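Student: 3D, please:
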Amino acid sequence: WGLPIFRRPNVPLGLIGWQGIVPCKTEKMSEVMVEMVTTQLLSVEETFKRLDPRRVADLLAPEVPKLTKKIGGDLFPKWLLNLPEMVIFGLPLKNLEMLN
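Tutor: All right, here's what the predicted structure looks like:
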């Protein structure tokens, strides 16, 4: 039970009482923060220079087969994806294009 409170998006004052400026403005504040960080504080090039290639490879390695299957599902017929992976990865790209 309780009183239903009328809330308007992006307006901190509700019909009854204060709703809080932070919860009300989270979307706008997030947009401004991301914009400021990516344009004024960080450079993408500098960030990538600081990455350890071996660590990135270790983190991405488990995801590559999943991405390959997902992308392959969009590009190739289903019967081709049911073949063992070694068969598919062994085919030259030219042959894969002919199968589609």
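Student: where exactly do the helices run in this structure?
Tutor: Counting by DSSP state H, the chain has helices at residues 21-24, 26-36, 44-49, 53-60, 64-75, 78-81, 85-90, 93-99.
Student: give me the distance between residue 70 and residue 63.
Tutor: Using Cβ to Cβ, to the nearest Å, residue 70 is found at 10 Å from residue 63. (Each C-beta comes from the backbone N, C-alpha and C, glycine too.)
Student: can you check residue 43 too?
Tutor: Computed with Cβ to Cβ, the distance linking residue 43 and residue 63 is 26 Å.
Student: likewise for residue 47?
Tutor: Separation of residue 47 from residue 63 (Cβ to Cβ) stands at 20 Å.
Student: next one: residue 54
Tutor: Residue 54 sits 16 Å away from residue 63, taking Cβ to Cβ as the criterion.
Student: same deal with residue 74?
Tutor: 17 Å.
Student: between the two, which one's more packed in?
Tutor: Shown here are residue 74 and residue 63; by other Cβ atoms under 10 Å, residue 63 has more neighbours (9 against 6).
Student: show me the contacts for that one.
Tutor: By Cβ atoms under 8 Å, 6 or more residues apart in numbering, the contact set of residue 63 is empty.
Student: confidence score at it?
Tutor: Note on residue 63: pLDDT of 88.
Student: again, but for residue 51
Tutor: So, for residue 51, pLDDT stands at 92.
Student: same question for residue 36.
Tutor: 89.
Student: quick one: neighbours of it, just the number.
Tutor: Residue 36 has 11 nearby residues by other Cβ under 10 Å.
Student: before we move on, what about residue 24?
Tutor: Residue 24, neighbours per other Cβ under 10 Å, totals 19.
Student: what's the pLDDT at it?
Tutor: 71.
Student: could you do residue 31 as well?
Tutor: Residue 31 is assigned 92 on the pLDDT scale.
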